[in-house]
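# build me a model:
(one chain, ligands or ions: 2)
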Amino acid sequence: MERFGWECRTKVSFGEGCVKEHLASYIREFAPEGCNIMIGFGGGSVRKNGSYDDVMAVLGGMGYSAEPEADRRVIEFSGIMSNPTLAKMLEGAQLVRDNNVGLIIAIGGGSVMDCCKAVSVQARYEGDAWNDFWMEGRAMTHDIVPCGVVVTMPATGSEVNGCAVLTNEETKIKCDRDYPQMNPLFALMDPAYTLSMPIRQLRAGTFDILSHIMETYFSQPMYGNPADDVSEGLMRGLIRDFRAALRDPMDIRARSNIMWTASLAENRIIKTGKSKDFQAHNMEHQLSAYTGCNHGEGLAVLHPVYYRHIYKDGLPKFVQWARNVWGITDAQALRSEAYAEDGMSDDELLALAGIEALAGLISEAGLPVSLRELGFGEAKKALLPEIASSCFISGGAFRQMTADEILEIYEECW
Ligand code: NZQ
Ligand code: ZN
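Ligands and ions are numbered 1, 2, ... in the order given. So this is what the prediction gives:
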(Lines give C-alpha, C1' and ligand atoms only; values in the text may rest on other atoms or scores of the structure.)
(Ligands and ions follow the chains in the order given, each with its own letter.)
Protein backbone atom coordinates (compact mmCIF):
# COMPACT_ATOMS: atom_id res chain seq x y z
CA MET A 1 0.00 0.00 0.00
CA GLU A 2 1.17 3.54 -0.69
CA ARG A 3 1.60 5.95 2.23
CA PHE A 4 -1.46 8.13 2.71
CA GLY A 5 -3.22 10.73 4.82
CA TRP A 6 -6.99 10.78 4.93
CA GLU A 7 -9.46 13.47 5.82
CA CYS A 8 -12.98 14.42 4.85
CA ARG A 9 -14.25 17.38 6.82
CA THR A 10 -17.70 17.51 5.18
CA LYS A 11 -20.69 17.04 7.49
CA VAL A 12 -23.39 15.08 5.68
CA SER A 13 -27.14 15.03 6.27
CA PHE A 14 -28.80 12.41 4.07
CA GLY A 15 -32.48 11.62 3.57
CA GLU A 16 -35.81 12.99 2.47
CA GLY A 17 -36.56 16.36 4.04
CA CYS A 18 -32.97 16.94 5.20
CA VAL A 19 -32.80 20.53 3.92
CA LYS A 20 -35.79 21.63 5.97
CA GLU A 21 -34.46 19.74 8.96
CA HIS A 22 -30.77 20.63 8.97
CA LEU A 23 -29.93 23.64 6.78
CA ALA A 24 -30.71 26.21 9.46
CA SER A 25 -28.30 24.66 11.94
CA TYR A 26 -25.53 24.58 9.31
CA ILE A 27 -26.16 28.25 8.54
CA ARG A 28 -25.96 29.10 12.25
CA GLU A 29 -22.70 27.16 12.46
CA PHE A 30 -20.98 28.46 9.32
CA ALA A 31 -22.44 31.82 8.20
CA PRO A 32 -20.46 34.66 9.77
CA GLU A 33 -22.59 37.30 11.53
CA GLY A 34 -23.22 40.41 9.42
CA CYS A 35 -22.59 38.71 6.09
CA ASN A 36 -24.90 37.81 3.23
CA ILE A 37 -25.46 34.35 1.74
CA MET A 38 -25.02 33.48 -1.93
CA ILE A 39 -26.89 30.57 -3.50
CA GLY A 40 -25.42 29.14 -6.71
CA PHE A 41 -27.44 27.06 -9.15
CA GLY A 42 -27.66 26.02 -12.80
CA GLY A 43 -30.19 26.44 -15.56
CA GLY A 44 -33.43 26.03 -13.64
CA SER A 45 -33.81 22.38 -12.61
CA VAL A 46 -33.63 23.49 -8.96
CA ARG A 47 -36.96 25.23 -9.36
CA LYS A 48 -38.61 22.03 -10.55
CA ASN A 49 -37.28 19.53 -8.03
CA GLY A 50 -38.13 21.53 -4.91
CA SER A 51 -34.57 22.22 -3.75
CA TYR A 52 -34.65 25.97 -4.48
CA ASP A 53 -37.97 26.44 -2.64
CA ASP A 54 -36.77 24.41 0.34
CA VAL A 55 -33.54 26.42 0.65
CA MET A 56 -35.34 29.75 0.24
CA ALA A 57 -37.95 28.77 2.85
CA VAL A 58 -35.22 28.05 5.39
CA LEU A 59 -33.34 31.25 4.54
CA GLY A 60 -36.57 33.27 4.74
CA GLY A 61 -37.32 31.76 8.14
CA MET A 62 -33.94 32.98 9.34
CA GLY A 63 -34.54 36.53 8.12
CA TYR A 64 -32.60 36.38 4.84
CA SER A 65 -34.25 38.10 1.90
CA ALA A 66 -33.51 38.85 -1.76
CA GLU A 67 -34.59 42.49 -1.15
CA PRO A 68 -31.63 44.84 -1.85
CA GLU A 69 -32.25 46.78 1.37
CA ALA A 70 -32.51 43.73 3.64
CA ASP A 71 -30.07 43.39 6.57
CA ARG A 72 -29.42 39.76 5.68
CA ARG A 73 -29.45 39.33 1.94
CA VAL A 74 -29.64 36.30 -0.36
CA ILE A 75 -27.59 36.80 -3.52
CA GLU A 76 -28.43 34.59 -6.49
CA PHE A 77 -25.62 33.29 -8.70
CA SER A 78 -27.55 31.53 -11.46
CA GLY A 79 -26.90 29.99 -14.87
CA ILE A 80 -23.93 27.84 -13.91
CA MET A 81 -23.52 25.66 -16.98
CA SER A 82 -22.52 22.02 -17.29
CA ASN A 83 -18.73 21.81 -17.53
CA PRO A 84 -18.41 25.20 -15.78
CA THR A 85 -16.06 27.73 -17.29
CA LEU A 86 -13.36 29.82 -15.74
CA ALA A 87 -15.27 32.95 -16.84
CA LYS A 88 -18.36 31.81 -14.90
CA MET A 89 -16.25 31.14 -11.83
CA LEU A 90 -14.76 34.65 -12.03
CA GLU A 91 -18.26 36.11 -12.31
CA GLY A 92 -19.24 34.34 -9.10
CA ALA A 93 -16.11 35.49 -7.29
CA GLN A 94 -16.91 39.09 -8.20
CA LEU A 95 -20.47 38.69 -6.88
CA VAL A 96 -19.09 37.44 -3.57
CA ARG A 97 -16.73 40.38 -3.28
CA ASP A 98 -19.32 42.99 -4.27
CA ASN A 99 -21.96 41.73 -1.86
CA ASN A 100 -20.17 40.89 1.38
CA VAL A 101 -20.99 37.20 1.01
CA GLY A 102 -19.91 35.08 3.99
CA LEU A 103 -21.39 31.70 2.98
CA ILE A 104 -22.01 30.09 -0.41
CA ILE A 105 -24.65 27.38 -0.83
CA ALA A 106 -24.37 25.45 -4.11
CA ILE A 107 -27.62 23.75 -5.20
CA GLY A 108 -27.24 21.28 -8.07
CA GLY A 109 -24.99 18.67 -9.60
CA GLY A 110 -21.24 18.50 -9.96
CA SER A 111 -20.98 21.53 -12.22
CA VAL A 112 -22.72 23.84 -9.77
CA MET A 113 -20.83 22.43 -6.79
CA ASP A 114 -17.45 22.64 -8.54
CA CYS A 115 -18.03 26.18 -9.74
CA CYS A 116 -19.09 27.37 -6.27
CA LYS A 117 -16.15 25.61 -4.61
CA ALA A 118 -13.78 27.37 -7.00
CA VAL A 119 -15.56 30.68 -6.41
CA SER A 120 -14.93 30.26 -2.69
CA VAL A 121 -11.20 30.04 -3.45
CA GLN A 122 -10.94 32.91 -5.93
CA ALA A 123 -13.15 35.35 -4.01
CA ARG A 124 -10.62 35.68 -1.17
CA TYR A 125 -7.50 35.48 -3.34
CA GLU A 126 -5.72 38.49 -4.77
CA GLY A 127 -3.92 36.50 -7.47
CA ASP A 128 -5.05 34.35 -10.39
CA ALA A 129 -6.46 31.21 -8.76
CA TRP A 130 -6.77 29.35 -12.09
CA ASN A 131 -3.09 29.78 -12.80
CA ASP A 132 -1.75 29.35 -9.29
CA PHE A 133 -3.89 26.43 -8.12
CA TRP A 134 -5.43 24.70 -11.15
CA MET A 135 -2.46 25.07 -13.49
CA GLU A 136 0.48 25.11 -11.09
CA GLY A 137 -0.95 23.27 -8.09
CA ARG A 138 0.64 25.61 -5.56
CA ALA A 139 -0.01 25.27 -1.84
CA MET A 140 -3.25 26.95 -0.80
CA THR A 141 -2.62 28.96 2.35
CA HIS A 142 -5.37 31.59 2.32
CA ASP A 143 -8.79 31.37 4.02
CA ILE A 144 -11.54 30.60 1.55
CA VAL A 145 -15.22 31.56 1.73
CA PRO A 146 -17.24 28.89 3.61
CA CYS A 147 -19.21 26.75 1.17
CA GLY A 148 -21.89 24.09 1.61
CA VAL A 149 -23.89 22.12 -0.95
CA VAL A 150 -27.39 20.80 -1.62
CA VAL A 151 -27.05 17.88 -4.04
CA THR A 152 -29.67 17.37 -6.77
CA MET A 153 -27.80 14.93 -9.00
CA PRO A 154 -25.53 12.08 -7.89
CA ALA A 155 -22.45 11.59 -10.03
CA THR A 156 -19.24 13.39 -9.24
CA GLY A 157 -19.06 13.04 -5.46
CA SER A 158 -18.08 16.71 -5.41
CA GLU A 159 -20.21 17.05 -2.25
CA VAL A 160 -17.65 15.17 -0.17
CA ASN A 161 -14.31 16.00 -1.73
CA GLY A 162 -12.07 18.96 -2.38
CA CYS A 163 -12.09 18.58 -6.13
CA ALA A 164 -13.35 21.21 -8.55
CA VAL A 165 -13.16 20.89 -12.34
CA LEU A 166 -13.10 24.01 -14.49
CA THR A 167 -12.77 24.63 -18.21
CA ASN A 168 -10.65 27.47 -19.54
CA GLU A 169 -12.34 28.14 -22.86
CA GLU A 170 -9.48 30.25 -24.18
CA THR A 171 -6.73 27.69 -23.67
CA LYS A 172 -9.08 24.71 -24.10
CA ILE A 173 -7.92 23.09 -20.91
CA LYS A 174 -10.28 21.32 -18.55
CA CYS A 175 -8.52 20.72 -15.28
CA ASP A 176 -9.40 19.25 -11.89
CA ARG A 177 -7.74 20.11 -8.62
CA ASP A 178 -8.32 18.65 -5.20
CA TYR A 179 -7.51 20.68 -2.09
CA PRO A 180 -8.82 19.58 1.32
CA GLN A 181 -9.84 23.21 1.97
CA MET A 182 -12.33 22.94 -0.90
CA ASN A 183 -14.26 20.10 0.75
CA PRO A 184 -17.73 21.54 1.34
CA LEU A 185 -18.39 22.24 5.02
CA PHE A 186 -21.75 20.51 4.77
CA ALA A 187 -23.66 18.44 2.22
CA LEU A 188 -27.43 18.04 2.26
CA MET A 189 -28.49 15.01 0.25
CA ASP A 190 -32.20 14.47 -0.35
CA PRO A 191 -32.69 11.61 -2.83
CA ALA A 192 -36.18 12.87 -3.69
CA TYR A 193 -34.59 15.83 -5.53
CA THR A 194 -32.91 13.42 -7.91
CA LEU A 195 -36.18 11.90 -9.16
CA SER A 196 -36.62 14.75 -11.64
CA MET A 197 -33.33 14.00 -13.39
CA PRO A 198 -33.79 13.20 -17.08
CA ILE A 199 -33.01 9.55 -17.81
CA ARG A 200 -30.01 10.67 -19.84
CA GLN A 201 -28.48 12.28 -16.73
CA LEU A 202 -29.31 9.21 -14.64
CA ARG A 203 -27.36 7.07 -17.10
CA ALA A 204 -24.43 9.46 -17.44
CA GLY A 205 -24.16 10.27 -13.74
CA THR A 206 -24.32 6.64 -12.64
CA PHE A 207 -21.67 5.65 -15.15
CA ASP A 208 -19.45 8.45 -13.84
CA ILE A 209 -19.75 6.92 -10.36
CA LEU A 210 -18.74 3.49 -11.68
CA SER A 211 -15.86 5.11 -13.52
CA HIS A 212 -14.57 6.76 -10.32
CA ILE A 213 -14.47 3.40 -8.59
CA MET A 214 -12.81 1.63 -11.54
CA GLU A 215 -10.25 4.39 -12.07
CA THR A 216 -9.19 3.93 -8.45
CA TYR A 217 -9.41 0.12 -8.34
CA PHE A 218 -7.31 -0.38 -11.49
CA SER A 219 -4.10 0.94 -10.01
CA GLN A 220 -1.41 -0.20 -7.60
CA PRO A 221 -1.35 -2.02 -5.27
CA MET A 222 -2.33 -4.95 -7.45
CA TYR A 223 -3.19 -7.44 -4.71
CA GLY A 224 -5.61 -7.62 -1.76
CA ASN A 225 -6.08 -4.44 0.22
CA PRO A 226 -8.98 -2.88 2.17
CA ALA A 227 -9.64 -0.07 -0.31
CA ASP A 228 -10.18 -2.52 -3.18
CA ASP A 229 -12.32 -4.78 -1.00
CA VAL A 230 -14.65 -1.82 -0.43
CA SER A 231 -14.53 -0.92 -4.14
CA GLU A 232 -15.65 -4.38 -5.21
CA GLY A 233 -18.69 -4.18 -2.95
CA LEU A 234 -19.50 -0.70 -4.21
CA MET A 235 -19.24 -1.78 -7.86
CA ARG A 236 -21.50 -4.83 -7.35
CA GLY A 237 -24.08 -2.71 -5.53
CA LEU A 238 -23.95 0.12 -8.03
CA ILE A 239 -24.48 -2.22 -11.00
CA ARG A 240 -27.49 -3.74 -9.17
CA ASP A 241 -28.94 -0.30 -8.35
CA PHE A 242 -28.24 1.07 -11.84
CA ARG A 243 -30.27 -1.75 -13.38
CA ALA A 244 -33.06 -1.26 -10.83
CA ALA A 245 -33.22 2.50 -11.49
CA LEU A 246 -33.28 1.96 -15.26
CA ARG A 247 -36.16 -0.52 -14.86
CA ASP A 248 -38.05 1.88 -12.61
CA PRO A 249 -36.65 5.43 -12.43
CA MET A 250 -38.97 6.19 -9.51
CA ASP A 251 -37.42 3.42 -7.35
CA ILE A 252 -36.39 5.61 -4.44
CA ARG A 253 -34.41 2.83 -2.78
CA ALA A 254 -32.21 2.42 -5.86
CA ARG A 255 -31.93 6.17 -6.32
CA SER A 256 -30.94 6.66 -2.67
CA ASN A 257 -28.33 3.92 -2.94
CA ILE A 258 -26.88 5.47 -6.09
CA MET A 259 -26.71 8.87 -4.42
CA TRP A 260 -24.78 7.60 -1.42
CA THR A 261 -22.54 5.39 -3.57
CA ALA A 262 -21.48 8.51 -5.49
CA SER A 263 -20.26 9.97 -2.22
CA LEU A 264 -18.60 6.77 -1.00
CA ALA A 265 -16.74 6.55 -4.30
CA GLU A 266 -15.29 10.01 -3.95
CA ASN A 267 -14.83 10.75 -0.26
CA ARG A 268 -11.28 9.41 -0.71
CA ILE A 269 -11.79 6.24 1.38
CA ILE A 270 -11.35 3.90 -1.60
CA LYS A 271 -8.31 5.93 -2.67
CA THR A 272 -6.39 5.22 0.53
CA GLY A 273 -3.12 3.53 -0.33
CA LYS A 274 -3.92 3.48 -4.07
CA SER A 275 -1.83 5.06 -6.84
CA LYS A 276 -5.05 5.93 -8.80
CA ASP A 277 -5.31 5.90 -12.56
CA PHE A 278 -7.86 8.47 -13.86
CA GLN A 279 -6.39 8.38 -17.37
CA ALA A 280 -9.87 7.80 -18.80
CA HIS A 281 -10.95 10.95 -16.96
CA ASN A 282 -8.01 12.89 -18.38
CA MET A 283 -8.93 11.75 -21.90
CA GLU A 284 -12.59 12.62 -21.35
CA HIS A 285 -11.83 16.02 -19.85
CA GLN A 286 -10.01 17.11 -22.99
CA LEU A 287 -12.77 15.76 -25.26
CA SER A 288 -15.11 17.88 -23.18
CA ALA A 289 -12.79 20.93 -23.24
CA TYR A 290 -12.83 20.89 -27.05
CA THR A 291 -16.40 19.80 -27.69
CA GLY A 292 -18.44 20.33 -24.51
CA CYS A 293 -19.55 16.68 -24.45
CA ASN A 294 -21.24 15.17 -21.41
CA HIS A 295 -18.74 13.85 -18.84
CA GLY A 296 -20.38 10.50 -17.97
CA GLU A 297 -21.24 9.75 -21.59
CA GLY A 298 -17.67 10.47 -22.71
CA LEU A 299 -16.39 8.07 -20.06
CA ALA A 300 -18.79 5.35 -21.23
CA VAL A 301 -17.36 5.57 -24.74
CA LEU A 302 -13.74 5.54 -23.58
CA HIS A 303 -13.58 2.97 -20.78
CA PRO A 304 -13.90 -0.37 -22.61
CA VAL A 305 -11.49 0.71 -25.34
CA TYR A 306 -8.95 2.04 -22.83
CA TYR A 307 -9.17 -1.16 -20.79
CA ARG A 308 -8.59 -3.33 -23.85
CA HIS A 309 -5.34 -1.38 -24.24
CA ILE A 310 -4.09 -1.82 -20.66
CA TYR A 311 -5.53 -5.07 -19.34
CA LYS A 312 -2.32 -7.05 -19.87
CA ASP A 313 -0.42 -4.51 -17.76
CA GLY A 314 -2.76 -5.07 -14.82
CA LEU A 315 -3.83 -8.61 -15.59
CA PRO A 316 -4.25 -9.98 -12.03
CA LYS A 317 -6.49 -7.05 -11.12
CA PHE A 318 -8.63 -7.40 -14.25
CA VAL A 319 -9.05 -11.12 -13.50
CA GLN A 320 -10.00 -10.37 -9.88
CA TRP A 321 -12.54 -7.81 -11.14
CA ALA A 322 -14.06 -10.27 -13.63
CA ARG A 323 -14.46 -12.85 -10.87
CA ASN A 324 -15.52 -10.70 -7.92
CA VAL A 325 -17.59 -8.01 -9.63
CA TRP A 326 -19.02 -9.75 -12.69
CA GLY A 327 -19.05 -13.32 -11.37
CA ILE A 328 -17.13 -14.71 -14.39
CA THR A 329 -15.06 -17.71 -13.37
CA ASP A 330 -15.02 -20.31 -16.14
CA ALA A 331 -12.24 -19.41 -18.57
CA GLN A 332 -12.74 -22.52 -20.72
CA ALA A 333 -16.31 -21.48 -21.52
CA LEU A 334 -14.94 -18.25 -22.99
CA ARG A 335 -12.78 -19.89 -25.66
CA SER A 336 -15.59 -19.72 -28.21
CA GLU A 337 -16.21 -15.97 -27.70
CA ALA A 338 -15.45 -13.62 -30.57
CA TYR A 339 -12.60 -11.90 -28.70
CA ALA A 340 -10.84 -15.20 -27.90
CA GLU A 341 -7.67 -15.65 -29.92
CA ASP A 342 -5.42 -18.67 -30.19
CA GLY A 343 -2.78 -18.75 -27.49
CA MET A 344 -4.67 -16.57 -25.01
CA SER A 345 -4.19 -17.58 -21.41
CA ASP A 346 -7.12 -18.30 -19.11
CA ASP A 347 -6.39 -15.06 -17.26
CA GLU A 348 -6.48 -13.01 -20.46
CA LEU A 349 -9.81 -14.56 -21.39
CA LEU A 350 -11.28 -13.79 -17.97
CA ALA A 351 -10.00 -10.22 -18.04
CA LEU A 352 -11.44 -9.62 -21.50
CA ALA A 353 -14.75 -11.16 -20.45
CA GLY A 354 -14.93 -8.62 -17.61
CA ILE A 355 -14.34 -5.79 -20.07
CA GLU A 356 -17.04 -7.23 -22.37
CA ALA A 357 -19.42 -7.34 -19.40
CA LEU A 358 -18.73 -3.65 -18.80
CA ALA A 359 -19.34 -2.88 -22.49
CA GLY A 360 -22.56 -4.89 -22.26
CA LEU A 361 -23.78 -2.83 -19.31
CA ILE A 362 -23.05 0.37 -21.22
CA SER A 363 -25.14 -0.83 -24.19
CA GLU A 364 -27.90 -2.18 -21.96
CA ALA A 365 -28.13 1.21 -20.22
CA GLY A 366 -28.47 3.02 -23.55
CA LEU A 367 -25.27 5.03 -23.09
CA PRO A 368 -23.33 6.05 -26.20
CA VAL A 369 -20.74 3.53 -27.35
CA SER A 370 -18.84 5.58 -29.94
CA LEU A 371 -17.70 9.14 -30.52
CA ARG A 372 -20.23 9.36 -33.33
CA GLU A 373 -23.02 8.50 -30.90
CA LEU A 374 -21.54 11.14 -28.61
CA GLY A 375 -22.26 13.70 -31.32
CA PHE A 376 -18.91 13.88 -33.05
CA GLY A 377 -18.98 14.68 -36.75
CA GLU A 378 -16.13 14.98 -39.26
CA ALA A 379 -15.14 18.45 -38.00
CA LYS A 380 -14.66 17.21 -34.46
CA LYS A 381 -12.93 14.07 -35.72
CA ALA A 382 -10.30 16.29 -37.34
CA LEU A 383 -9.51 17.73 -33.91
CA LEU A 384 -8.63 14.36 -32.37
CA PRO A 385 -4.82 14.60 -32.86
CA GLU A 386 -4.77 18.00 -31.14
CA ILE A 387 -7.07 16.77 -28.36
CA ALA A 388 -4.89 13.70 -27.83
CA SER A 389 -1.74 15.74 -27.45
CA SER A 390 -3.41 18.07 -24.94
CA CYS A 391 -4.31 15.29 -22.44
CA PHE A 392 -2.69 15.08 -19.03
CA ILE A 393 -0.86 11.77 -18.57
CA SER A 394 -1.65 9.82 -15.41
CA GLY A 395 1.30 8.71 -13.31
CA GLY A 396 -0.83 6.23 -11.37
CA ALA A 397 -1.95 4.00 -14.25
CA PHE A 398 -0.82 0.41 -14.81
CA ARG A 399 0.97 1.77 -17.89
CA GLN A 400 1.53 5.38 -18.87
CA MET A 401 -0.12 6.45 -22.09
CA THR A 402 1.54 8.47 -24.85
CA ALA A 403 -0.23 11.02 -27.02
CA ASP A 404 0.03 8.54 -29.91
CA GLU A 405 -1.71 5.78 -27.98
CA ILE A 406 -4.40 8.18 -26.77
CA LEU A 407 -5.05 9.08 -30.40
CA GLU A 408 -5.31 5.37 -31.22
CA ILE A 409 -7.86 4.98 -28.44
CA TYR A 410 -9.88 7.96 -29.68
CA GLU A 411 -9.81 6.54 -33.21
CA GLU A 412 -10.94 3.13 -31.97
CA CYS A 413 -13.80 4.91 -30.21
CA TRP A 414 -14.91 6.47 -33.47
O1 NZQ B 1 -28.37 23.31 -14.98
P2 NZQ B 1 -29.54 22.63 -14.38
O3 NZQ B 1 -30.83 23.19 -14.79
O4 NZQ B 1 -29.41 22.48 -12.89
O5 NZQ B 1 -29.58 21.11 -14.99
C6 NZQ B 1 -28.60 20.13 -14.71
C7 NZQ B 1 -27.67 19.93 -15.89
O8 NZQ B 1 -28.29 20.26 -17.10
C9 NZQ B 1 -29.29 18.81 -14.62
N10 NZQ B 1 -29.77 18.46 -13.29
C11 NZQ B 1 -29.09 18.39 -12.13
N12 NZQ B 1 -29.90 17.95 -11.15
C13 NZQ B 1 -31.12 17.76 -11.71
C14 NZQ B 1 -31.04 18.08 -13.07
N15 NZQ B 1 -32.11 18.02 -13.91
C16 NZQ B 1 -33.27 17.62 -13.38
N17 NZQ B 1 -33.42 17.26 -12.08
C18 NZQ B 1 -32.36 17.31 -11.21
N19 NZQ B 1 -32.52 16.92 -9.94
O20 NZQ B 1 -28.31 17.85 -14.99
C21 NZQ B 1 -27.44 18.43 -15.93
C22 NZQ B 1 -26.04 18.00 -15.64
O23 NZQ B 1 -25.61 18.56 -14.42
P24 NZQ B 1 -24.06 18.65 -14.10
O25 NZQ B 1 -23.91 19.28 -12.76
O26 NZQ B 1 -23.32 19.25 -15.23
O27 NZQ B 1 -23.65 17.10 -14.06
P28 NZQ B 1 -22.58 16.34 -13.21
O29 NZQ B 1 -23.00 16.20 -11.81
O30 NZQ B 1 -22.29 15.11 -13.97
O31 NZQ B 1 -21.28 17.28 -13.22
C32 NZQ B 1 -20.41 17.29 -14.33
C33 NZQ B 1 -19.21 18.17 -14.06
O34 NZQ B 1 -18.46 17.71 -12.92
C35 NZQ B 1 -17.10 17.44 -13.32
C36 NZQ B 1 -17.26 17.06 -14.77
O37 NZQ B 1 -16.06 17.10 -15.48
C38 NZQ B 1 -18.24 18.12 -15.23
O39 NZQ B 1 -17.60 19.36 -15.40
N40 NZQ B 1 -16.50 16.46 -12.42
C41 NZQ B 1 -16.30 16.81 -11.13
C42 NZQ B 1 -15.66 15.98 -10.23
C43 NZQ B 1 -15.44 16.35 -8.81
N44 NZQ B 1 -15.71 17.56 -8.41
O45 NZQ B 1 -15.00 15.55 -8.00
C46 NZQ B 1 -15.12 14.69 -10.62
C47 NZQ B 1 -15.74 14.17 -11.88
O48 NZQ B 1 -14.94 13.15 -12.39
C49 NZQ B 1 -15.99 15.20 -12.93
O50 NZQ B 1 -14.85 15.46 -13.71
ZN1 ZN C 1 -15.98 11.69 -13.24
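
# what parts of the stretch 51-200 of the chain come near ligand 1?
82-83, 108-112, 114, 152-153, 155-158, 161, 163-165, 176, 193-194, 196-197 (CB under 6 Å from any ligand atom). Every C-beta, even on glycine, is put in place using the N, C-alpha and C of the backbone.

# now the buried members of those residues.
With burial judged by 16 or more other CB atoms under 10 Å, the buried subset of these is 82-83, 108-112, 114, 152-153, 155-158, 161, 163-165, 176, 193-194, 197.

# quick one: which of these sit in helices?
When DSSP state H is applied, those are split such that 110-112, 114 fall in helices.

# now, which of these sits nearest residue 333?
Using CB to CB, residue 110 comes nearest to residue 333 of these, at 40.0 Å.

# am I right that residue 244 is in a helix?
Yes. Residue 244 sits within a helix when classified using DSSP: H, G, I helix; E, B strand; the rest coil.

# where does it land on pLDDT?
At residue 244, the pLDDT value in this model is 98.

# can you count the residues close to it?
Around residue 244 there are 16 other residues, counting by other CB atoms under 10 Å.

# cool, residue 56 as well?
Residue 56 has 18 nearby residues by other CB under 10 Å.

# what do you get for residue 322?
Neighbour count for residue 322, taken as other CB under 10 Å: 26.

# returning to that earlier point: reformat the ones in helices among the buried ones among the residues of the stretch 51-200 of the chain next to ligand 1 as CSV; add distance to residue 180.
As requested, those are exported to CSV (distance: CB to CB, whole Å):
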residue, distance to residue 180
110, 18
111, 21
112, 21
114, 16
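
# which ones are touching residue 332?
Residue 332 sits next to residue 346 when contact means CB atoms under 8 Å, 6 or more residues apart in numbering.

# phi, psi for it please.
phi -60, psi -40 (degrees, to the nearest 10).

# secondary structure element holding the residue lying closest to residue 278 once chain neighbours are set aside?
Spatial nearest neighbour of residue 278, chain neighbours left out: residue 215 (4.7 Å); criterion: CB to CB, 6 or more residues apart in numbering. Counting by DSSP states H and E, the element that carries residue 215 is helix 199-217.

# could you pull up the residues touching the residue nearest the centre of the chain?
Nearest to the mean C-alpha position of the chain, by CA atoms, centre = their mean, lies residue 156 at 2.2 Å. Residues near residue 156 by CB under 8 Å, 6+ apart: 109-110, 113-114, 163, 165, 208, 262, 266, 295.

# what of residue 52?
Residues in contact with residue 52 (CB under 8 Å, 6+ apart) are 39, 41, 46, 107.

# farthest pair in those?
Spanning the widest gap among those are 39 and 46, at 8.8 Å by CB to CB.

# what's the overlap in contacts for those two?
If you check residue 39 and residue 46 against CB under 8 Å, 6+ apart, the residues they both contact are 52, 107.

# for the helix or strand of the chain with the lowest mean pLDDT, buried residues please.
When each helix and strand of the chain is scored by mean pLDDT, DSSP states H and E, helix 378-381 comes last, with a mean of 92. By 16+ other CB under 10 Å, the buried positions in helix 378-381 come out as residue 380.

# what is that helix packed up against?
Counting contacts by 3 or more CB pairs under 8 Å, 6 or more residues apart in numbering; DSSP states H and E, helix 378-381 packs against no other helix or strand.

# what is the longest strand of this structure by residue count?
As assigned by DSSP state E, the longest strand anywhere in the chain is strand 101-108.

# dump the residue contacts of residue 200.
Listed by CB under 8 Å, 6+ apart, the contact set of residue 200 reads residue 294.

# 6 Å - rerun?
Shown in contact with residue 200 (CB atoms under 6 Å, 6 or more residues apart in numbering): no residues.

# separation between it and residue 117?
25 Å (CB to CB, to the nearest Å).

# for the nearest residue to residue 209 once chain neighbours are set aside, pull up the helix or strand it's in.
Distance criterion CB to CB, 6+ apart; nearest residue to residue 209, sequence neighbours excluded, is residue 262 at 4.7 Å. Element membership for residue 262 (DSSP H and E) is helix 252-266.

# quick check, the very next helix or strand once past that helix touching ligand 1?
Downstream of helix 252-266, the next assigned helix or strand under DSSP H and E is helix 279-291. Yes. Helix 279-291 lies within reach of ligand 1 by CB under 6 Å from any ligand atom, at residue 281.

# please shift the residue numbers so they start at 46 in all later answers.
Renumbered: residue one is now 46, and that last one reads helix 324-336.

# angle of the next helix or strand after helix 324-336 against helix 244-262?
Going down the chain from helix 324-336, the next helix or strand is helix 340-355, by DSSP H and E. On the basis of axes from the mean of the first three to the mean of the last three CA atoms, to 10 degrees, helix 340-355 is oriented at 40 degrees to helix 244-262.

# which strands and helices sit next to whatever helix or strand comes next after helix 340-355?
Per DSSP H and E, the first helix or strand lying C-terminal to helix 340-355 is helix 360-369. Contacts defined by 3 or more CB pairs under 6 Å, 6 or more residues apart in numbering; DSSP states H and E place helix 360-369 against helix 391-410.

# in the stretch 296-445 of the chain, what residue lies closest to ligand 1?
The nearest approach of the stretch 296-445 of the chain to ligand 1 comes at residue 340, 4.0 Å away (CB to the nearest ligand atom).

# check contacts around that residue.
residue 253.

# residue 168 now?
Neighbouring residues of residue 168 by CB under 6 Å, 6+ apart: 138, 141-142, 190.

# check residue 46 and give its pLDDT.
82.

# that one reaches residue 319, doesn't it?
No. Counting by CB atoms under 6 Å, residue 319 is not a contact partner of residue 46; they are 8.0 Å apart.

# neighbour count for those two, which is higher?
residue 319 (23 against 12).

# angles on the backbone of that one, please.
The phi/psi pair for residue 319 (degrees, to the nearest 10) reads phi -100, psi 150.

# check residue 213 too.
Dihedral angles (degrees, to the nearest 10) for residue 213: phi -90, psi 110.

# what's the burial count for it?
Neighbours around residue 213, by other CB under 10 Å: 18.

# tell me the buried residues in stretch 145-165?
Across stretch 145-165, burial judged by 16+ other CB under 10 Å covers 146-165.

# just stretch 389-398 next, same as before
Per 16+ other CB under 10 Å, stretch 389-398 contains these buried residues: 389, 392-398.

# next one: it to chain centre, how far?
From the chain centre to the centre of stretch 389-398 is a distance of 30 Å (CA atoms, centre = their mean, to the nearest Å).
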